[in-house]
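K.L.:
Got a sequence here, can you build the structure:
(chains A and B)
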Protein chains: 2
Amino acid sequence: MKQTSFYPGPSTIHPSIPSLVKDAYDTGILSVNHRSSDFMELSFAAKSQLRSQLNVPDEYDVIFISSATEAWEILPQSLTSKTSQHFFNGAFGLKWAYTTENLGVEVIKSPFDANESLPTDQINSLADWLCVTACETSNGTMVDQNVLQELFSRRLPHQLIAVDATSALGGVILNFQLADYWFASCQKCLGLPAGLGLLIVSPAAIERGLLLGERSHYNSFLKLVENARKEQTHYTPNVLNIYLLWRTLASGPSIEVTDRRLRDRMARLNSIIQSNGALDWLVSDAYLRSPTVITLKISDPMELKERALTQKMILGNGYGEWKENTVRIANFPAMGDIQFQIFMEWISNL
Amino acid sequence: MKQTSFYPGPSTIHPSIPSLVKDAYDTGILSVNHRSSDFMELSFAAKSQLRSQLNVPDEYDVIFISSATEAWEILPQSLTSKTSQHFFNGAFGLKWAYTTENLGVEVIKSPFDANESLPTDQINSLADWLCVTACETSNGTMVDQNVLQELFSRRLPHQLIAVDATSALGGVILNFQLADYWFASCQKCLGLPAGLGLLIVSPAAIERGLLLGERSHYNSFLKLVENARKEQTHYTPNVLNIYLLWRTLASGPSIEVTDRRLRDRMARLNSIIQSNGALDWLVSDAYLRSPTVITLKISDPMELKERALTQKMILGNGYGEWKENTVRIANFPAMGDIQFQIFMEWISNL
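P.N.:
All right, here's what the predicted structure looks like:
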C-alpha cells in the first residue's frame, strides 16, 4: 500500500492527476504559446469553472499568480497607500505582516489568541487594509465567515479587506463579497501539484490600484489585472496546472457539497477525539477550528508520527510555537473518504 | 497525426512527460511537504543532474525560481547598487532594460543591430552590471561564447555580467565561468511544461549580494541563496517540474551531444534555405544566428503559416518589429529529429 500524506502543506493530490496530465499532453495544450487563442480559451474555461464552482462574483477578477506567498507582496507593493492592519493568531499571519513591513508599509499588528475570536472591535482608523488569515495553517484555526461579516460591517469607508485563503479556498464556502483581495495556492484544498496561485479581487481593489497607479514591479497589480482581463499573464504561466485546475473543478462537486463533506469528516473525528484520552484539540472552541487543518495536542508527537508511519500514514508536524505539542492533519478534499476513514479508525484504536 | 508546435515560446515538450508524471505521482513526491527531507533530496538530485549535464561549475549556486521574467527583477532589486548596462538587439533584451529602469536603477542602453555583433568596446565604466541576452528569442540571434569571452576580458574589475539564457540553456554549450548571473525558464530548451525558472550564480554575485544586504522583498537574492543552499525555497516550489527536470536530464544526453545535434539540424536547414527562393534568414551572418530559434524572412508569413497548418505544423509568428516579415521555428532538443526532418522536407518542396 502507498503511503498517504496528511501533511497540510502540499498534501495528497487528486488521484486523477496522472491521467489528466496525459490528456493535457495529448491535446497539445502544454506546447501552445501562452499568447495564443488556445491558451486564452483555456484560461477563460478554468476561471469560468472556478467562478461557478466556488461562487466567485461576476464583477470580481480572477488572476493567476505563482504562489500565495507572492500575493503577500503584491498587496503592500501596489495597493496599500500607507498602513496595513494585520489580525493574526499564528505563524503564517505573522509572516504576512513581516513581508508587508519589509516592503516599507506601516504595519499595525493585532495579534489574538488561538483560542479567541478575531477582535473585530480593534479596527484601527489609520489602516487602509485589514488583513485576515482565513485558515491559519500553523494552528488549524479559521476565521468564520460570520466574523468576517462583522469585520466587513465595522470597517470604515476607506478600508478594504484582504484575506489569505490558503488552506481554505476550494475546501470551504467563502463569501467573496466580504473582502476585496483573496488569495490561495493550488496545492492545498484544490488538490493540485504546487506551483500556481490564485488572486481574486473586487472592483474596489481595482479602483484602489488605479488610484495608486503603481506600475514599477514585475508583479505590479495593474499589470496583473490588465493581462488577466485579456486571459493572459505577463510571465509564462503554469499552463499544466491551469489545465488541471479546470479539469478537476469540472469533474468535482460544488463547494457546498465539498464543504459539507469536510465538516462531516471533522464531526466524526470530533466524536472519536472526545472519547480518546491520548489526543485533544489544540483549540477547545469548535467554532474557532478550521474544517481543513486539524490540529491535535499530544504529549509526544514524534512517537505518534512514528506509529502512524508504520501504518503508511504521514501526519504533519506541529508548526512554530505548537511544534512540540501538536500534530496536524490535512482534511483536504482530494483526500479520499476511505483514507480518512482508515485514519479515524487508527486514531480510535490508539 | 497530432499537430507539432514549432513555436519558440512554450514549445514541444518531451514526449516522456506523461509517463514521468505518472512516476512522480506513484512515488508520492507530489504530495510531500516542501520542507521535508524527501523534497530536499529531490532538489539536490535535480541540481546535481543539471550541474553534471550542463557543466555548471561546483562553486556556482543553482536556485529554483518561477520564471526567467522573475530573474529580470531580482537583479536590479538585490544586486545592482546603481547602474546597469544593457546590450540588446531585440524585444526581450529591451524589456529586460525597461524592467530594470522601472525598479529605479540607472540604465545605460546599448542597442545594436541584429546583423551586427555585440559591441564589447562600448562598456561603460559607470555600470555595475553588464546585461546580455544570450539568445534573443524575438529575432533568433545569439551572442556567441567568444563574444561573451571578449566582454568578460574587457570588463572593469568592479563589473559583473548577467546573461538571460532563455532559449539557450539546455540547448547549447554555455561557459558559465564567463558570467555571474545566468537565468532561463524550463519551457524552452529544457522541454518541460512552463512554470519553473532557473537562476545560476557565481561566488562574485553572492559576494555582491552580501555587500548590498538587500532583504526586503519576496524574492530578495540573499533569501533565495540561503534557502537554495538548504535545498529549500522560500515559497512552495513547483515540485512536479523539479522532478521532471531531474528525470529528463538523467535520461538525456550531455549538452555537448545536444549542442551538436541542434547545430547539425540548423546546418541541414541552411542548405535548404540557400537553394530556396521563397525564404531567407533574417540574419545574414551565420555566426550571429542562434542554433535554437530559427528566424526566416518571408513576404507573406500568414500564408506560410496557414500552409504549414494544413500539414499539422504550427510555425511561430514573427515578434515585435519583425512580426510582419518573419516566421520563427524552435529548434529545441525536445523536438524529435523526425518532426524536424518532416518540417525540412516540407520547406524544401515549397
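K.L.:
Return the residues of the stretch 101-250 of chain A in contact with chain B.
P.N.:
A:102-104, A:185, A:187, A:193-196, A:215-218, A:234-241 (C-beta under 8 Å from any C-beta of the partner chain). C-beta coordinates here come from the backbone N, C-alpha and C atoms, glycine included.
K.L.:
Which entries within those meet the buried criterion?
P.N.:
With burial judged by 16 or more other C-beta atoms under 10 Å in any protein chain shown, the buried subset of these is A:102-103, A:185, A:187, A:193-196, A:217-218, A:234-241.
K.L.:
Just to be sure, which of these are found in helices?
P.N.:
Among those, the ones falling in helices (DSSP state H) are A:102, A:239-241.
K.L.:
Okay, and the beta partners of A:D164?
P.N.:
Residues in a beta bridge with A:D164, per DSSP bridges, are A:T133, A:F183.
K.L.:
What confidence value was assigned to it?
P.N.:
Note on A:D164: pLDDT of 98.
K.L.:
Same check on A:W96?
P.N.:
Listed pLDDT for A:W96 reads 97.
K.L.:
OK, contacts around the residue lying closest to A:V283 once chain neighbours are set aside?
P.N.:
Distances taken as C-beta to C-beta, 6 or more residues apart in numbering or on different chains place A:R289 nearest to A:V283, at 5.2 Å, with adjacent residues excluded. Applying C-beta atoms under 8 Å, 6 or more residues apart in numbering or on different chains, we find A:R289 in contact with A:140-142, A:266, A:281, A:283, A:295.
K.L.:
now those as CSV including neighbour count, secondary structure and pLDDT?
P.N.:
Converted to CSV, these look like this (neighbours: other C-beta atoms under 10 Å in any protein chain shown; DSSP: H, G, I helix; E, B strand; the rest coil; pLDDT from 0 to 100):
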residue, neighbour count, secondary structure, pLDDT
A:G140, 31, coil, 96
A:T141, 29, strand, 97
A:M142, 21, strand, 97
A:M266, 17, helix, 95
A:W281, 19, strand, 95
A:V283, 21, coil, 95
A:T295, 26, strand, 96
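K.L.:
What's the per-residue pLDDT of the residue of the stretch 51-200 of chain A at minimum distance from chain B here?
P.N.:
Nearest residue of the stretch 51-200 of chain A to chain B: A:G195, at 3.2 Å (C-beta to the nearest C-beta). Per-residue confidence at A:G195 stands at 93 (pLDDT).
K.L.:
quick one: it and A:N238 touch, right?
P.N.:
Yes. With contact defined as C-beta atoms under 8 Å, A:G195 counts as touching A:N238 (5.0 Å).
K.L.:
helix, strand or coil for A:H14?
P.N.:
coil (DSSP: H, G, I helix; E, B strand; the rest coil).
K.L.:
residues contacting it?
P.N.:
A:20, A:191-192, A:244, A:248, A:334.
K.L.:
The residues you listed in strands, which ones?
P.N.:
Within the contacts of A:H14, no residue falls in strands by DSSP state E.
K.L.:
List just the nearest of these to B:S43.
P.N.:
Comparing those against B:S43 with C-beta to C-beta places A:L192 closest, at 19.8 Å.
K.L.:
hang on, isn't that closest one packed against A:L198?
P.N.:
No. Counting by C-beta under 8 Å, A:L192 sits too far from A:L198 to count as a contact (10.7 Å).
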